[in-house]
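Q: No sequence on hand, only this structure:
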DNA sequence: GAACGCCTTGGACGACTGTCCAACACACTA
DNA sequence: TAGTGTGTTGGACAGTCGTCCAAGGCGTTC
């Protein structure tokens, strides 16, 4: 059996802690304890706790966005794609770890320029992928704008679902379809 | 001149602090100092700092949503209303105090049930107002669903704009119009 | 075997935290 | 004038925080 490097274990321990305690609630000792190492080791591998959290967080969001973009690519039809997106929304009720992590990162990014830059790149890339997907499937309008609204709506829906679990994603499919269909013939 | 009651001053001091330091970063002494009172006074008027923040925050969000609903009511045409909404979005680049406060509250609500209930009520009420507005202006589809997507998209756009200031709200008007026009004849 | 670099340990440091409370100020009623 | 109640003060309390660092464990190289 190969031992997991300490640095890796710190990153893995940080992610669930951001979700449980919130960005500002994660302490050096918490991460160290969950990773099973001494407290001092955090500052050996990372310049600060914030640095560790930012790296651990964006690692996950990058993976999430890539998976999502990959799933979208598997759908040849605009309607199928949107319906798949709505089904995917069902997996993120807003109170699950992934949704909470993303929300924590968005918020922390407003205060940490370096984190904001990383997230901006990831989200911007995702928007570009969606826009390209729209164009390839026959969208002839302002695909960039539609992609931006679509991406923002997805995040917003997850956020609102966290407040109100009664908000049924399936019912939202029709309006989202209308959004995507605009500009096609 | 009438003196502002201490309780009121604490609430007023708490709001900008949530924005500056983040929900978890606001301390008893911070609020007291900014309000110009002794630290102990916080626990005389509120059962905890969290309680103070929740009350101060929802007071502001309630006012914001009411103003927004009122502004929407002034527009007789669906198109005019959406264009007004987009213009309104320009006032919330995501890094302004109001946007940040709302984001902080959304996130804190995932961990504080009582706050979640209050926010859920406010946002639910707002969705209902938008849905009614849609129906009165001739929307014959699932106005509740459209209102939900519209409200979520607004929040999502603010969030994304915080990451990427280059995201131009004006360009998003067309897709949002398509969203609202679905179901009208 | 000695010397080296990488990694880890566990505690020291000063600063800050939320909460609580005895003491006190002031306006009001009896 | 004495008494009561509301509001305020500033510090005590036990705890946690991020960061740093002397000390030591190892595997590799000379």
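A: Now that the structure is in, tell me what you want to look at. Predicted model, so just to flag it, every value in this text is computed and none were measured.
Q: need the residues of chain A near DNA strand D, please.
A: Within chain A, the positions near DNA strand D by Cβ under 7 Å from any atom of the strand are A:26-30, A:39-40, A:42-44, A:48-50. Bear in mind the C-beta positions are built from the backbone N, C-alpha and C, glycine included.
Q: where does chain A dip in pLDDT?
A: Where chain A drops to pLDDT under 70, the residues are A:1-3, A:183-185.
Q: What is the neighbour count of residue A:78?
A: 18 (other Cβ atoms under 10 Å in any protein chain shown).
Q: Does it touch residue A:135 like I think?
A: No - using Cβ atoms under 8 Å, residue A:78 is not in contact with residue A:135, being 10.7 Å away.
Q: Pull the number of nearby residues for the closest residue in space to residue A:164 that isn't next to it in sequence.
A: Of all residues not flanking residue A:164 in the chain, residue B:120 sits nearest, at 5.0 Å (Cβ to Cβ, 6 or more residues apart in numbering or on different chains). Using other Cβ under 10 Å, residue B:120 has 18 neighbouring residues.
Q: rewinding a little: buried ones only from the residues of chain A next to DNA strand D, please, as a ChimeraX command.
A: Here is the ChimeraX command that selects the buried residues among those (16 or more other Cβ atoms under 10 Å in any protein chain shown):
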select /A:26,28,30,42,49,50
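Q: Tell me the one of the residues of chain A next to DNA strand D nearest residue B:62?
A: residue A:26 (30.9 Å; Cβ to Cβ).
Q: Three-state assignment for the residue nearest to the closest one when sequence neighbours are not counted, please.
A: Excluding its sequence neighbours, the residue lying closest to residue A:26 (Cβ to Cβ, 6+ apart) is residue A:17, at 4.7 Å. The three-state label given to residue A:17 by DSSP: H, G, I helix; E, B strand; the rest coil is helix.
Q: Show me the contact partners of the helix or strand harbouring the residue nearest to residue A:164.
A: Using DSSP states H and E, residue B:120 maps to helix B:113-136. The contact list for helix B:113-136, computed with Cβ atoms under 8 Å, 6 or more residues apart in numbering or on different chains, reads A:160, A:162-164, B:54, B:57-58, B:61-62, B:65, B:68-69, B:72-73, B:78, B:81, B:105-106, B:108-110, B:143-144, B:146-148, B:150-151, B:180.
Q: And stretch A:4-13, by the same measure?
A: Stretch A:4-13 has contacts (Cβ under 8 Å, 6+ apart) with A:31-32, A:34-37, A:41-42, A:45-46, A:52, A:55-56, A:59.
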